[in-house]
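>>> Curious how this folds, go ahead:
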Amino acid sequence: MSEFRKDPISQRWVIFSGGEKKPEEYSYSMAEINSDSENCPFCEKNRHMIETEIASKSVNGRWAARIVNNKFPALIENINIEKYADGIYDQMTGYGYHEVIIDSHDHNIPFHELSQIEIEAVIELFLERFKTFRRDKTLKYVLFFKNFGAPAGASLSHSHSQLVATPVVPKIVMEELNSAKKYFNYKERCIFCDLINQEFIDEKRIITSNDSFIAIVPYAPRFPFESWILPKIHESSFGDISSYEISNLASVLKDVLNRLETVFPKLPYNFVIHTAPFENHCKDYYHWHIEIMPRLTKVAGFEWGSGFYITETSPEHAASYLK
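Purely as a prediction, here's the structure:
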């Protein structure tokens, strides 16, 4: 039976069309992994193609992850921030940072097939850059994200992630912050913490968990088989995680991505890290997390025009498959 569900954090409504579509009934364009590496700038043999390496991490005597400048950056770091108006319209110079994290040493090894210690190295690089940008008073936010497969926006098949540091807080994050603050002002509790407690009570949408993190299919997902990873304890900023948490985060992230790969081989996906802004005034009510969005369906006219999303598999059934 068709039903509406409201996401308690974004306040967004989604529609479940009913019918409980099974994994084998989805048709999707697979991510190309073993493509030609001859001219890949991310491969070790072509290291000369990249002029500047910002940072790197090694595992067992070889590099596991490297950060380099994006060849085609959306934002530019060596300009001044200038804000001005054009009539009723607001503009500002495109100041910021756009970097690439090459997160696999081997051209043919996708992220989910890396060892846990290699994924830990990637997360450590994320954390180092977060702390660096947080010290820059002109910046307010950094978004870490991965596009896996051309249908998810990846232009190169060699596994990589990206970061964009900006002088403004992204709109979607602001919506989460405002909703979480409103909830906290009313109940004096973090909505994310309450959500986690509810999921442990219901036990219907949990995918997996360990000492530090829980992975769930959210109650009102935008996309079929969407997954969230959240710290079990209250933490507003990704930048404050401990080395112990890094290990557990690498473990649960690899676990969830491998489960998706098992159900949907070579499935394109995006993941993003949502965290508190650098000026963290939301320690009490915001809770950082990772959102993993499989590319099983396309956003079309109804979604763009209404803001609703339509899903053909309930989160409860999706979680049961991923379990």
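>>> Next, Y219: phi, psi?
Y219 has phi and psi values of phi -60, psi -40 when expressed as degrees, to the nearest 10.
>>> Going forward, the N-terminal residue is numbered 39.
All right, first residue 39 from here; so that's Y257.
>>> Please name the residues that touch it.
Y257 is in contact with 43, 45-46, 233, 243, 353, counting by Cβ atoms under 8 Å, 6 or more residues apart in numbering. The C-beta positions use only the backbone N, C-alpha and C, and glycine is treated the same way.
>>> Quick check, pLDDT for the closest residue in space to E341 that isn't next to it in sequence.
Spatial nearest neighbour of E341, chain neighbours left out: Y347 (5.6 Å); criterion: Cβ to Cβ, 6 or more residues apart in numbering. Per-residue pLDDT puts Y347 at 93.
>>> For Y347, grab the count of nearby residues.
The number of residues packed near Y347 is 21, by other Cβ atoms under 10 Å.
>>> does it really touch F261, like I thought?
Yes - Y347 is within contact range of F261, at 7.0 Å (criterion: Cβ atoms under 8 Å).
>>> The residue nearest to E341 and V97, how far apart?
To V97, Y347 is 39 Å away according to Cβ to Cβ, to the nearest Å.
>>> Next: L360.
Applying Cβ to Cβ, the value for L360 to V97 is 28 Å.
>>> repeat for Y324
Remark: distance between Y324 and V97 (Cβ to Cβ) = 32 Å.
>>> For those two, work out which one has more neighbours and name it.
Y324 (27 against 16).
>>> residue contacts, that one?
With contact taken as Cβ under 8 Å, 6+ apart, Y324 is in contact with 214-215, 218-219, 228, 230, 274, 314.
>>> Might you specify the subset of these located within strands?
Within these, no residue falls in strands by DSSP state E.
>>> Among the contacts of Y257, name the buried ones.
Buried by 16 or more other Cβ atoms under 10 Å: 43, 45-46, 233, 243, 353, out of these.
>>> ok, the residues you listed vs Q129, which is closest?
Set against Q129, the nearest of the buried ones among the contacts of Y257 by Cβ to Cβ is D45 (31.9 Å).
>>> number of nearby residues for the nearest residue to that closest one once chain neighbours are set aside?
Ranked by Cβ to Cβ, 6+ apart and with sequence neighbours excluded, the top spatial neighbour of D45 is A258, at 4.0 Å. A258 is flanked by 21 other residues according to other Cβ under 10 Å.
>>> Can you check the pLDDT for A258?
96.
>>> The stretch 89-238 of the chain: helices as residue ranges?
154-172, 209-225, 229-240 (DSSP state H, counting those that start in this stretch).
>>> where does the protein have its least confident helix or strand?
The least trusted helix or strand in the chain, going by mean pLDDT, DSSP states H and E, turns out to be strand 121-124, with a mean of 89.
>>> Alpha carbons of it, in CSV - could you do that?
C-alpha atoms of strand 121-124 as CSV (Å, rounded to 0.1, in the frame of the first residue of the first chain):
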residue,chain,number,x,y,z
LYS,A,121,30.5,40.1,-1.5
TYR,A,122,28.4,42.4,-3.6
ALA,A,123,24.9,42.8,-4.9
ASP,A,124,23.5,42.9,-8.4
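>>> Tell me which other helices or strands that strand touches.
Counting by 3 or more Cβ pairs under 8 Å, 6 or more residues apart in numbering; DSSP states H and E, the packing neighbours recorded for strand 121-124 are strand 127-130.
>>> Tell me the spacing between the residue nearest to the spatial centre of the chain and I47.
Geometric centre of the chain, nearest residue: V310, 1.4 Å, by Cα atoms, centre = their mean. Noted for V310: a distance of 14 Å to I47, by Cβ to Cβ.
>>> if we can go back for a sec, settle this for me: the residue nearest to the centre of the chain is touching F183, isn't it.
Yes - V310 is in contact with F183 according to Cβ under 8 Å; the separation is 4.5 Å.
>>> And the strands in the stretch 239-361 of the chain, which stretches?
Secondary structure of the stretch 239-361 of the chain by DSSP state E, counting those that start in this stretch: the strands cover 244-247, 251-254, 265-269, 307-312, 327-332, 347-349.
>>> mean confidence for the first one?
I take that to be strand 244-247. Mean predicted lDDT for strand 244-247 stands at 98.
>>> now swap in the fifth one and tell me
Averaged across strand 327-332, the pLDDT comes to 98.
>>> Which elements pack onto it?
So strand 327-332, by 3+ Cβ pairs under 8 Å, 6+ apart, packs with strand 265-269, helix 281-301, strand 307-312.
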